[in-house]
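[1] My questions concern the predicted model and sequence given below.
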Amino acid sequence: MNLYLKLLSGSLRSRMQYKMNFLVSSLSYGLIMAVDFVLLAAILQRFDDVKGWNLYEVGLLYGISSVAITLYRVFCVEVHNFERYMVEGEFDSLLIRPVSPLSLLLTKNLDLSRIGGTIQGILILVISIIGLKLNNVELFLLLIYLPVTIFSGVLICFSLGLITATIAFWTQRIKDFQTFTLYAPFNAANYPMNIYPGWLKIIFFTVIPVGFMNYTPVLFLLNKGGDTWNLALPPLVSIIFLFIALRFWKFGIRHYHSTGS
Amino acid sequence: MVYWILLQKSFMRNMQYKVAHLINNAASAIFGFVFIAIWVGVLQGKENESPYSVLDMTYYIAAVQCILWLSGFLTAGLNIQNGVRNGAISLELARPTNFFLYVTSQEAGRLLYNLFFRSLPIGLVFFFTVGFYIPQHIPTYFFLCISILFAMIISINLHYLVGVSACWTTEINWAHFVNFTLLVGLGGQLVPIDLLPAPLSLITPYLPFAGAIYYPVMIFLEKASNDVILIQLVWVMVLTIFNLWITEKARHKLEIQGG
């Protein structure tokens, strides 16, 4: 843990050498997500709800999903950009270090410019929670549970990112896979799962389990269905999925063949 | 003609990645299904409150997902920033070819590839699943071709502007993301711009972003007057002239650092 914190602080210091760049990048990433949500708000202002979910209820899903994926982009930037290690042959240099390649990847770099997206996601969460006008008990339960659902979301996102990175051991390039395994599912998780056709719902509750991250617990927390089990599902699914992702990563490393140089 | 050869070479280079692009096409179709599902969820039972029916919005989103590969998802900064960073820009600007045409013709080759290997396959996926609009009037096809061409030129120009700004700023990531956000947000990727709240709905029809996505889609769906092509034409001319001018400025700014 000490080593991890040292590596992280080094990465942080190197990033903060370019403060202006950091500020402008953060603001622009935040702007992208804000425009996205403003457009959704424009639809829901005009047509009231989407299959029974009003703007604040969708905002809750949207905020959780946004914060989860942007935190992954901040802390797991090297896993996300793992393609580079395969294409440029840099993975060999990770294998000869005394620390595991995954630990090195997770501590090597931070993408602080994505923090703007996280802050914007938190703002949407705050606005939505205020707009929901929950009673004290419901509000207390939601606030207590939010860190659990966000952390589960980050784990699910990281697991999907790691599985996609592992594919690079065979295909070298993964950018096109990421659209399929990360961007599209997390975009879908911004909205309630009940709007999707059956086959999409099956995908989002099995192979790409983003539905468990926010939809399942929020259903219960907003009295829209389900029982207390809904609250246990996000951490449970995320841990199982993380386990599978780590096994797949180890399997990938065992089958890695350096191209040499 | 050298620019035509550049365009062809770019087309052929993209052919190397057909399989990876097919996977990405599936993801692009999923984005489309998600957006369609949102509109179905929003409009069901409320169609009388909307100028668009559920079927209209299904066709709209399906067409948008296809046009995005021609005028939305372009190379960030058309890669001009890389040349600025490694110094190759000095050689590129010193060539006897026009730098603006040199860069844009390569991107045009990529977009032509996208037409055959991204837009058409995605359109077919929608055709066989949720349905895809087929224009009913013959002149529509003529105006559609012009509108799509103008949309591509507008978007290439916007991306060129972002790329060439690297001659002054070096870093273009943020400018690219701002440009992309405005392009898809105010271009009507998720919400047709006439449904945006005022004053946005009053301003956006006259911005270049509408010319890049919204107008060709509305012409395709036969829901807009063909006159909107004139708005696109104005932006094509303004942006092209501006970019040719700014390229000259960049050439004059160039400093050779020695080596």
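    The structure has been received and is ready for your questions. Numbers count the residues shown, from 1 in each chain, chains lettered A, B, ... in the order given.
[2] Now do the helices in chain A.
    With helices called from DSSP state H, chain A shows them at A:2-15, A:19-47, A:55-75, A:77-80, A:83-87, A:91-95, A:101-108, A:115-132, A:136-171, A:175-178, A:184-188, A:198-204, A:215-221, A:229-254.
[3] any chance of these in CSV, plus mean neighbour count, distance to chain B and mean pLDDT?
    The C-beta positions use only the backbone N, C-alpha and C, and glycine is treated the same way. Below are those laid out as CSV (neighbours: other CB atoms under 10 Å in any protein chain shown; distance: least, CB to the nearest CB, whole Å; pLDDT from 0 to 100):
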stretch, mean neighbour count, distance to chain B, mean pLDDT
helix A:2-15, 12, 13, 69
helix A:19-47, 18, 4, 77
helix A:55-75, 24, 9, 94
helix A:77-80, 21, 13, 92
helix A:83-87, 17, 11, 87
helix A:91-95, 15, 20, 84
helix A:101-108, 17, 19, 86
helix A:115-132, 19, 10, 91
helix A:136-171, 19, 8, 94
helix A:175-178, 19, 4, 86
helix A:184-188, 24, 4, 91
helix A:198-204, 14, 6, 92
helix A:215-221, 22, 13, 94
helix A:229-254, 16, 18, 95
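[4] Of all those, which one is nearest B:Gly45?
    helix A:19-47 (10.0 Å; CB to CB).
[5] I'd like the helices of chain A as a markdown table, with distance to B:Phe126 appended.
    Formatted as a markdown table, the helices of chain A follow (distance: least, CB to CB, whole Å):
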| stretch | distance to B:Phe126 |
| --- | --- |
| helix A:2-15 | 42 |
| helix A:19-47 | 21 |
| helix A:55-75 | 25 |
| helix A:77-80 | 29 |
| helix A:83-87 | 29 |
| helix A:91-95 | 39 |
| helix A:101-108 | 38 |
| helix A:115-132 | 30 |
| helix A:136-171 | 26 |
| helix A:175-178 | 20 |
| helix A:184-188 | 15 |
| helix A:198-204 | 15 |
| helix A:215-221 | 25 |
| helix A:229-254 | 31 |
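[6] closest to B:Tyr3 out of those?
    Of all these, helix A:175-178 comes closest under CB to CB, at 28.1 Å.
[7] packing partners for the closest one?
    Where contact means 3 or more CB pairs under 8 Å, 6 or more residues apart in numbering or on different chains; DSSP states H and E, helix A:175-178 is packed against helix A:136-171, helix B:18-43.
[8] could you give the angle of the shortest one to helix A:55-75?
    This means helix B:18-43. On the basis of axes from the mean of the first three to the mean of the last three CA atoms, to 10 degrees, helix B:18-43 is oriented at 160 degrees to helix A:55-75.
[9] Could you tell me the average pLDDT over whichever helix or strand comes after helix B:18-43, please?
    Moving toward the C-terminus from helix B:18-43, the next helix or strand (DSSP states H and E) is helix B:54-71. Averaged across helix B:54-71, pLDDT comes to 94.
[10] Helix B:54-71: which residues count as buried?
    By neighbour count with 16 or more other CB atoms under 10 Å in any protein chain shown, helix B:54-71 contains the buried residues B:54, B:56-71.
[11] what does the stretch 1-150 of chain B have sitting close to chain A?
    B:17, B:20-21, B:23-24, B:26-28, B:30-31, B:33-34, B:37-38, B:40-44, B:46, B:49-50 (CB under 8 Å from any CB of the partner chain).
[12] could you pull out the helices for the stretch 151-259 of chain B?
    B:166-169, B:173-185, B:200-203, B:208-212, B:214-220, B:228-253 (DSSP state H, counting those that start in this stretch).
[13] before we move on, the earlier item: now restrict the residues of the stretch 1-150 of chain B next to chain A to buried residues only.
    Using 16+ other CB under 10 Å, the buried ones in the residues of the stretch 1-150 of chain B next to chain A are B:20-21, B:23-24, B:27-28, B:30-31, B:33-34, B:37-38, B:40-43, B:50.
[14] Pretty sure A:Leu112 sits against A:Phe75.
    No - between A:Leu112 and A:Phe75 there is no contact under CB atoms under 8 Å: 10.1 Å.
[15] tell me the centre residue of chain B?
    Centroid-nearest residue in chain B: B:Ser71, 1.3 Å away (criterion: CA atoms, centre = their mean).
[16] Would you check that that one makes contact with B:Met152?
    Yes - at 5.3 Å, B:Ser71 counts as touching B:Met152 under the criterion of CB under 8 Å.
[17] what is in contact with these two at once?
    B:Leu111 (CB atoms under 8 Å, 6 or more residues apart in numbering or on different chains).
[18] still on that earlier bit, can you pull the contacts of the residue nearest to the centre of chain B?
    B:Ser71 neighbours (CB under 8 Å, 6+ apart): B:111, B:148, B:151-152, B:154-155, B:212-213, B:216.
[19] Kindly report the same for A:Thr70.
    Listed by CB under 8 Å, 6+ apart, the contact set of A:Thr70 reads A:29, A:33, A:114-115, A:117-118, A:121.
[20] And the residue nearest to the centre of chain B, how far from A:Leu141?
    In this view, B:Ser71 and A:Leu141 are 47 Å apart by CB to CB, to the nearest Å.
[21] The nearest residue to B:Asn14 once chain neighbours are set aside: how many residues sit nearby?
    Spatially, and ignoring its direct neighbours in sequence, B:Asn14 is nearest to B:Tyr113 (4.0 Å; CB to CB, 6 or more residues apart in numbering or on different chains). If you count neighbours by other CB atoms under 10 Å in any protein chain shown, B:Tyr113 ends up with 21.
[22] same check, this time on B:Thr104
    For B:Thr104, the count of nearby residues is 23 (other CB under 10 Å).
[23] From chain A, how far out is it?
    Here the criterion is CB to the nearest CB, to the nearest Å. By it, B:Thr104 lies 23 Å from chain A.
[24] Spatially central residue for chain A, please.
    Short answer for chain A (CA atoms, centre = their mean): A:Ile69, at 2.4 Å.
[25] pretty sure it contacts A:Leu182?
    Yes - if you go by CB under 8 Å, A:Ile69 and A:Leu182 touch, sitting 7.3 Å apart.
[26] Overlap in contacts, the two.
    A:Cys157.
[27] For A:Asn223, see how far away the spatially closest residue to A:Leu134 that is not a sequence neighbour is.
    Spatial nearest neighbour of A:Leu134, chain neighbours left out: A:Leu142 (6.5 Å); criterion: CB to CB, 6+ apart. Distance of A:Leu142 to A:Asn223, computed by CB to CB: 11 Å.
[28] list the contacts for residue 84?
    Here I'm looking at chain A. Per CB under 8 Å, 6+ apart, neighbours of A:Arg84: A:Glu90.
[29] My question was about chain B, not that one.
    By CB under 8 Å, 6+ apart, the neighbours of B:Val84 are B:166-167, B:170.
[30] And these, which is closest to A:Phe91?
    B:Thr170 (29.1 Å).
[31] Next one: the spatially closest residue to B:Ala175 that is not a sequence neighbour from B:Lys249, what distance?
    With CB to CB, 6+ apart as the criterion, B:Ala175 has its nearest non-adjacent residue at 4.8 Å, and that residue is B:Val162. In this view, B:Val162 and B:Lys249 are 15 Å apart by CB to CB.
[32] between these two, who's got more neighbours?
    A direct count of neighbours by other CB under 10 Å for B:Val162 and B:Lys249 places B:Val162 higher, at 25 against 11.
[33] can you count the residues close to B:Tyr206?
    11.
[34] Kindly confirm whether my reading is correct that it touches B:Ile231.
    Yes - counting by CB under 8 Å, B:Ile231 is a contact partner of B:Tyr206 at 6.6 Å.
[35] Done for today, thanks.
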